[in-house]
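Visitor: sequence below, structure please.
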Amino acid sequence: MLWAALLSPCLPDVSLPPREDRLREVATWALQFAPRVAIVEEAVLLEVQASLRRSVAGQLYAM
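Guide: Next up is the predicted model:
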């Protein structure tokens with residue numbers, strides 16, 4: 001499987017909601033692009049292989 005990670009910035013900001021809430025919001029948003037999304041520690045992981053066309057996936061593996 002091919003996964004992509006969206007990392008959460010480490011900068012604390014009291015004006016933003018708690019980090020867990022932000023990660024959950026990003027994960028919910030990401031579901032419109034990828035069939036599998038997971039929150040792991042400080043990152044949101046997206047399984048993107050199923051979202052790629054075969055021709056594009058073949059070109060990525062050829063690199």
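Visitor: which residues of this protein score low on pLDDT?
Guide: Within the chain, the ranges that satisfy pLDDT under 70 run 10-16, 51-63.
Visitor: residue 29: which element?
Guide: Taking DSSP states H and E as the definition, residue 29 sits inside helix 19-30.
Visitor: got the buried residues for that helix?
Guide: Neighbour counts over helix 19-30 (16 or more other CB atoms under 10 Å) mark 23, 26-27, 30 as buried. Glycine gets a C-beta too; all of them are placed from N, C-alpha and C.
Visitor: now flag whichever of the residues you listed is closest to residue 41.
Guide: Using CB to CB, residue 23 comes nearest to residue 41 of the buried residues of helix 19-30, at 9.4 Å.
Visitor: quick one, what contacts the closest one?
Guide: 8, 39, 42-44 (CB atoms under 8 Å, 6 or more residues apart in numbering).
Visitor: so which of these is the most crowded?
Guide: residue 44 (23 neighbours; other CB atoms under 10 Å).
Visitor: separation between that residue and residue 18?
Guide: 15 Å (CB to CB, to the nearest Å).
Visitor: among the contacts of residue 23, which lie within strands?
Guide: Using DSSP state E, 39, 43-44 are the members of the contacts of residue 23 that sit in strands.
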